[in-house]
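> no FASTA, just this:
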């Protein structure tokens, strides 16, 4: 499922049967047309091919989901590593800052942060989701570092005169990567849902950028008369997030010895 999403996003210009922004005129203008051989998923209120728009919408979801997860995981890993390894006042300051961010409801805080900008857009969604997404990773990495830094091989390296930076990066961090990888993978799905939610509210991707959330917002008016306008973008989002979550669960089973038979 994740591979299908990736292929769809990368090859959207090749796979799309029509221009997703083309508004047909004349005899070709078929607004809210049901699925047919010409338009496999039907058309929207302006007569644009829905299959092409869903294919292009996958690019935004994958870009936001993966891009935000990578940057947030890097930032959270750095904060958690420093807090867990240094301890004392450094740990207290960093974790209290993490607690402050985590204390706010994510969606409410995201809406408030985007409202600070003059105009909403996909770049603002990136900044906001990164600002909110690093906290869980930081907490997770800090806990792993606290469990690892006092083990025998770390004490042996410290007794041999290895610097703190080398111990943290070469001996402590590699043993925290397995749970970090799982959490970052699961975060991709959460970022996709968050981006779709913000776009649904009109605070995310703006036209002509295609987003599944914005398409859901456009199609909600026609749920009774033309449900395919909202159903197919919703199914695309559902399939993508489900695939990413199943991948995260599989990685957890693979990397955590407690889940092995």
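Everything's here; your move. As the structure is a prediction and not an experimental result, all values here were calculated from the model.
> name the residues that touch stretch 141-161?
By CB atoms under 8 Å, 6 or more residues apart in numbering, the residues outside stretch 141-161 that reach it are 76-77, 79-81, 83-85, 91, 95, 166-168, 171-173, 175-176, 179-180. Just so you know, the C-beta spots here come from the backbone N, C-alpha and C atoms, and that holds for glycine as well.
> can you check stretch 97-114 too?
79, 120, 124-125, 127-129, 131-132, 135-136, 138-139, 194, 197-198, 201, 203.
> one step back: which of the contacts of stretch 141-161 count as buried?
In the contacts of stretch 141-161, burial by neighbour count holds for 76-77, 79-81, 83-85, 91, 95, 167-168, 171-173, 175-176, 179-180, counting by 16 or more other CB atoms under 10 Å.
> secondary structure of residue 229: a helix, I assume?
Yes. Counting by DSSP: H, G, I helix; E, B strand; the rest coil, residue 229 falls inside a helix.
> what sits against the closest residue to it other than its chain neighbours?
Spatial nearest neighbour of residue 229, chain neighbours left out: residue 219 (3.5 Å); criterion: CB to CB, 6 or more residues apart in numbering. Applying CB under 8 Å, 6+ apart to residue 219 gives the contacts 44, 226-227, 229-231, 233.
> the same query, at a cut-off of 7 Å, please.
By CB atoms under 7 Å, 6 or more residues apart in numbering, residue 219 lies in contact with 229-230, 233.
> most surrounded residue in the residues you listed?
Using other CB atoms under 10 Å as the neighbour criterion, residue 233 leads those with 29 neighbours.
> show me what the helix or strand harbouring that one is packed up against.
Taking DSSP states H and E as the criterion, residue 233 maps to helix 228-255. Applying 3 or more CB pairs under 7 Å, 6 or more residues apart in numbering; DSSP states H and E, we find helix 228-255 packed against helix 2-10, helix 50-86, helix 177-200, helix 212-219.
> centre of the chain to the shortest one, how far?
Distance of helix 212-219 from its chain centroid, counting by CA atoms, centre = their mean, to the nearest Å, is 18 Å.
> before we move on, what about the second one?
How far helix 50-86 lies from its chain's middle: 5 Å, per CA atoms, centre = their mean.
> can you check stretch 109-122 too?
Offset of stretch 109-122 from its chain centre (CA atoms, centre = their mean): 17 Å.
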